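Asks: structure of the sequence below:
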Amino acid sequence: MPVISPPTSTSMQIWPQLRELAAKTRMLLQLAGLWLERRRTRDQLSDLSSEQLRDVGLNPVTVRREIEKPFWIA
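Replies: Below you'll find the predicted structure:
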């Protein structure tokens, strides 16, 4: 049977660092998801014709400007 030792001061100090790393990792993943969503949305907009854009109330010139933005810019 494995022996479980009580937590040491070193192991107790690592938990806050791991929590901080996990939080930063979550933030990076959320940011990557946002960027992918922007790219997907802009790709979908680029597939629409001028007539389709007007049908849904969008100005083709404004949409063209939006499509040309890099994914990291809102």
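
Asks: contacts only, for Ala74.
Replies: Arg38 (C-beta atoms under 8 Å, 6 or more residues apart in numbering). From N, CA and C alone the C-beta is placed, and that goes for glycine too.

Asks: and it, how far is that from Ser46?
Replies: Per C-beta to C-beta, to the nearest Å, Ala74 is found 17 Å from Ser46.

Asks: try Pro2
Replies: 58 Å.

Asks: check Gly33 too.
Replies: For Gly33, the distance to Ser46 - C-beta to C-beta - is 20 Å.

Asks: again, but for Glu68
Replies: Glu68 is 9 Å from Ser46, by C-beta to C-beta.

Asks: repeat for Glu66
Replies: Relative to Ser46, and taking C-beta to C-beta, Glu66 is found at 9 Å.

Asks: please apply the same query to Pro16.
Replies: Distance from Pro16 to Ser46, by C-beta to C-beta: 45 Å.
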